[in-house]
Each structure stands twice: as structure tokens, then as C-alpha cells.
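Chemist: The sequence and its predicted three-dimensional model are supplied below.
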Amino acid sequence: MNVLLLGSGGREHAIAMKIAQSSKLNRLFVAPGNPGTAQFGQNAAMNILDFDEVETFINENAIDLLVVGPEEPLTKGITDHFAGKPVSVIGPSKKGAALEGSKDFAKYFMSKYGIPTAGYQSFTADQLLQGFACLETMTPPYVLKADGLAAGKGVIIVDNLSEAKSTLQEMLEGKFGDASKKVVIEEYLNGIEVSIFVLTDGKSYKILPEAKDYKQIGDNDTGLNTGGMGAVSPVPFANATFMSKVRERIIEPTIRGLQNENIDYKGFIFIGLMNCKGEPFVIEYNVRMGDPETEVVFPRLDADILDLFEGVANGNLETRQCSVSHKTAVTIVAVSGGYPESYSKGFEISGISSVSDNIVFHAGTSEKSGKILTSGGRVLTVTALADNLFEARKSAYKSMQNIEFEGVYFRKDIGLDLM
Ligand code: AMP
Ligand code: GLY
């Protein structure tokens, strides 16, 4: 199989590594990729939101399978663009991608199919007063969500009513541009979060290893939200009892709902869940893998990923094996000093090649004259796989000691709460 993978983060580095291990691979291209993906395939410079440009590349390189890493090409309709053309796409149609692209649609979908989630109401700019009235009936904290994609910043949680009202007004007046023209106000869920990953061909599905993501910049979950500072898989509280509730109450109704809505869904469903005293509630759907969760989920997959993708493309996923390692994976994210606020880039990174027993996944890096430089907020992640969480943490942190660049920062407590 010739494969084109779209994206350039740690997630895509981890997906590229797994694809490169497949016996079904002929050639792998990653667009635009990063210095890490270049170890496993050929990077190709490309605007991945220009579907004609992607199509030209696919035709010129006889690509059989297009794997879409990030959400944006999906919400913009890349899968619909290739419908009926001789390439299979891993990623849902535009209608399916609205599960991530529109919080209002996701909430409507969950309420229609009886999927447990926080109660909600949606408001547009002309309904500001109704929005205020809704907030007045609620108890703090108040959860306000921009309907559309807002680079991971569209969820605001505030403790007092007057701040909630002013936040609602700012959002409806364009704080996040078109993304917050509609705002979802929802009940606050108290619990512990876990990320569930499902691969589906639209009829059957495989549950991939679950993960816990650490979103805040500071140790003990303090400070600003980030794209993710580390992840662990498996998650001890996602035990068989909990997962059977997730399967029956969430995954199966989701797949049935997609079918009922005539949504063509071949790809990943990433379900952000809150475990509220043992009961799962959906916080959000994403239509792609998570980052940095992929850096712990994919190293635990023993399955041949292209065999699974082939099952998705051919609609016979139920005939494929999805074997998973019992080991524990921990990933630690090294970020640029200042992130998630402003930071400088272009600093040389040393020590990557001295990490031999663990995996360094590149995220925001670039290569110049043989040197690896920082080029983003989340720079790289170090993943360790070991027999238990204690060993995996110890090993990942030991490897991280090798990594140096000006201003490097990482959390010291990834996985500590699960021990
Ligand atoms: P999202 O962008 O939807 O992942 O939301 C960002 C974060 O906000 C989530 O990871 C949760 O930590 C938090 N969050 C979102 N919705 C709720 C809710 N209803 N109750 C409590 N926390 C929430
Ligand atoms: N780590 C959370 C995400 O990928 O959305």
C-alpha cells in the first residue's frame, strides 16, 4: 500500500512509526511532516487544506490510502472531496466531522441518541438575554463553549455569575470569531477525565487503548490550559466495569446514531469522558486521535495498523485483529519556555540521539543544516513503555534529562495521580 499521512505533530510521528511497522506498507509520505516523521517516510511540503494540491500528489504518487491526522481538513470536507475517487480515506465526512466541529451539533446528537452528557442550552447573539436568564438558573461553576473550532481555547469555565455573563457576551460578540457566534452553556461535571479512542468502519468498531491527558501547564493541574503536557495509558479506573458502561451507553449508541443520521464515518472517534463516581459522561467528541494521547496509545498497539485501516476502508473491520500490549506507556511533553503564552523558537535541541531505550516523538521541531531546532510550543514528547506505571514514569523522566534546549519546561507529575 502507498500511504499519505497528513499532519506534522507528535501524533503524526507516532502514527507514522506504526504505519512503517506494517507488512502491508509499500511507500509512506507525510505532509507536511516533521523531522521525526522523516525517519519513517518521505516528508512532502503541501498545504493540506488545499484539497486539489493533495489530490495532485495522490495521483502522481499512486497513493492508495490517505490518513488524516488533524481535524481541520476533516471539518473542511477532505473526505467528501475524495468520495468516489480511487483512494481510501481514514477520517469521517464533513457531516461526521461536525461531531467535533460543532459543539451544538454534538450536544444535539447526544441528546437525540440518549448518550449521557451534561445538560445544555445553546444561544446566538440575538438571544443574549435568554442566555443570561439561563445562567441565572444554574449553579457555579459555569461552563461556556464556543460552538465551532477555536484552537482548543473555546471552552471557558468561570466561578461567578457576573463573569459568566460577561464571558457569554464577549463570546457572542466574536471573541472567537465565527466559532463563538453560537455558544453552548452546559452543566459542570465533577469527576476525573479519560480519553477513549474508537476506530470504526461505520458499522463495527475496535476500542483502542484509553489514555489520560494532562492539560494544564503546571504540576498538580495548575495554571493555563495547553494542548496537553503528557499522557498515560492504560488508565487504572477505566476498568472492565467502567468500560462496559462506556461501550453500552456511549460507543454503541454513537455508532447507531451515525448510521441513523446517514453519516459516512470511517475513522477515529475520540471521546473525552468524565468519570463521575463511576458513571461515564461525554464531555466532547473529536474526530481524530488526540495529541499527546497518540504517543501512548499507538506504542501500545501490537496490531498491524494498516490491516486495521484496510478493514475500515473495505468495511470489514470486524474481521481484523486489534491486539494491544499490556504494558504501561507514559509520555512527557517538553515545551518552549513561556508556552502556552508567547514563546521564542529556533533554539537548538540536543540529546535526542542519546535517548536509546525510549521513543522521542517530534512535535514542534524543524531541521536546519543538520541541527534540530525548536519551532513550536510543544516541542517533543518522550514515551516510555514498561511493565508498570512506576517503571514507565521513571524511565521517561530519565530519558527527558538528556533533552536540552533554551527554556525547556516539562511537568514533573505526569502519571503521579494514578499511582
Ligand atoms: P474541551 O475543549 O471540550 O475538551 O474542553 C476543555 C476542558 O474543559 C475539558 O477537557 C474539561 O476539562 C473541561 N470541561 C469541558 N466541559 C466540561 C463540563 N461540562 N464540566 C466540567 N469540565 C468541563
Ligand atoms: N490532547 C487533547 C486533544 O488532542 O484534543
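Modeler: Nice, thanks for sending it over. Numbering: from 1, shown residues only. Ligands and ions are numbered 1, 2, ... in the order given.

Chemist: In three-state terms, label Ala179 for me.
Modeler: With DSSP: H, G, I helix; E, B strand; the rest coil as the basis, Ala179 sits in helix.

Chemist: Grab the nearest non-local neighbour of it.
Modeler: Leaving aside its chain neighbours, Ala179 sits nearest to Gly148 (3.3 Å; criterion: CB to CB, 6 or more residues apart in numbering). Where you see a C-beta, it was placed from the backbone N, CA and C, and this is true even at glycine.

Chemist: pretty sure the one you found is in a helix, no?
Modeler: No - using three-state DSSP, the assignment for Gly148 is coil, not a helix.

Chemist: Contact partners for it?
Modeler: Counting by CB atoms under 8 Å, 6 or more residues apart in numbering, Gly148 touches Gly101, Ser102, Lys103, Gly154, Phe176, Asp178, Ala179, Ser180, Lys181, Lys182.

Chemist: Kindly recompute the last result at 10 Å.
Modeler: Gly148 sits next to 75, 98, 100-104, 154, 176-182 when contact means CB atoms under 10 Å, 6 or more residues apart in numbering.

Chemist: Against ligand 2, how distant is it?
Modeler: Separation of Gly148 from ligand 2 (CB to the nearest ligand atom, to the nearest Å) stands at 15 Å.

Chemist: Show me which residues of the stretch 151-300 of the chain are close to ligand 1?
Modeler: Val155, Glu186, Tyr188, Leu189, Glu193, Lys215, Gly272, Ile283, Glu284 (CB under 6 Å from any ligand atom).

Chemist: what about the first one, distance to ligand 2?
Modeler: Put plainly, it is Val155. Distance from Val155 to ligand 2, by CB to the nearest ligand atom: 11 Å.

Chemist: What is the neighbour count of that residue?
Modeler: By other CB atoms under 10 Å, 16 other residues sit near Val155.

Chemist: hey, what's it bridged with?
Modeler: In this entry, Val155 is beta-bridged to Lys145, by DSSP bridges.

Chemist: So that it lines up with my notes, have the first residue be 29 from now on.
Modeler: Okay, using 29 as the starting number, the last item reads as Val183.

Chemist: Does it touch Lys173 like I think?
Modeler: Yes - the criterion here is CB atoms under 10 Å, and Val183 meets it with Lys173 at 5.0 Å.

Chemist: what touches both of these two?
Modeler: Lys131, Val212, Glu214, Ile311, Glu312.

Chemist: re the thing from before, which one of the contacts of Gly176 has the most neighbours?
Modeler: Lys131 (27 neighbours).

Chemist: correct me, but that one touches Lys173?
Modeler: Yes - Lys131 lies in contact with Lys173 (CB under 10 Å); the separation is 4.8 Å.

Chemist: Name the residues contacting each of those two.
Modeler: Common neighbours of Lys131 and Lys173 (CB under 10 Å, 6+ apart) are Tyr148, Ser150, Gly182, Val183, Ala207, Lys210, Val211, Val212, Glu214, Glu312.

Chemist: While we're on the one residue in the stretch 129-278 of the chain that gets nearest to ligand 2, how confident is the model there?
Modeler: Nearest to ligand 2 in the stretch 129-278 of the chain, going by CB to the nearest ligand atom, is Gly256, at a distance of 3.6 Å. For Gly256, the pLDDT comes out at 95.

Chemist: Equivalent analysis for Gly182, please.
Modeler: On the pLDDT scale, Gly182 gets 88.

Chemist: In this structure it contacts Lys210, no?
Modeler: No - look at Gly182 against Lys210 with CB under 10 Å: they stay out of range, at 11.0 Å.

Chemist: ok, now which ones touch the residue positioned nearest the centre of the chain?
Modeler: Centroid-nearest residue in the chain, with CA atoms, centre = their mean: Gly318, separated by 1.8 Å. Listed by CB under 10 Å, 6+ apart, the contact set of Gly318 reads 39, 223, 225, 239, 241, 255-256, 259, 296, 298, 300, 324-325.

Chemist: quick one: which of those residues is most hemmed in?
Modeler: Val324 leads those on contacts (other CB under 10 Å) with 33 neighbours.

Chemist: Next, work out how far apart that residue and Asn87 are.
Modeler: Distance, Val324 to Asn87, using CB to CB, to the nearest Å: 36 Å.

Chemist: model confidence over stretch 87-96, on average?
Modeler: 98.

Chemist: whoops, I mixed them up, stretch 332-346
Modeler: The model assigns stretch 332-346 a mean pLDDT of 98.

Chemist: That concludes my questions; thank you for your assistance.
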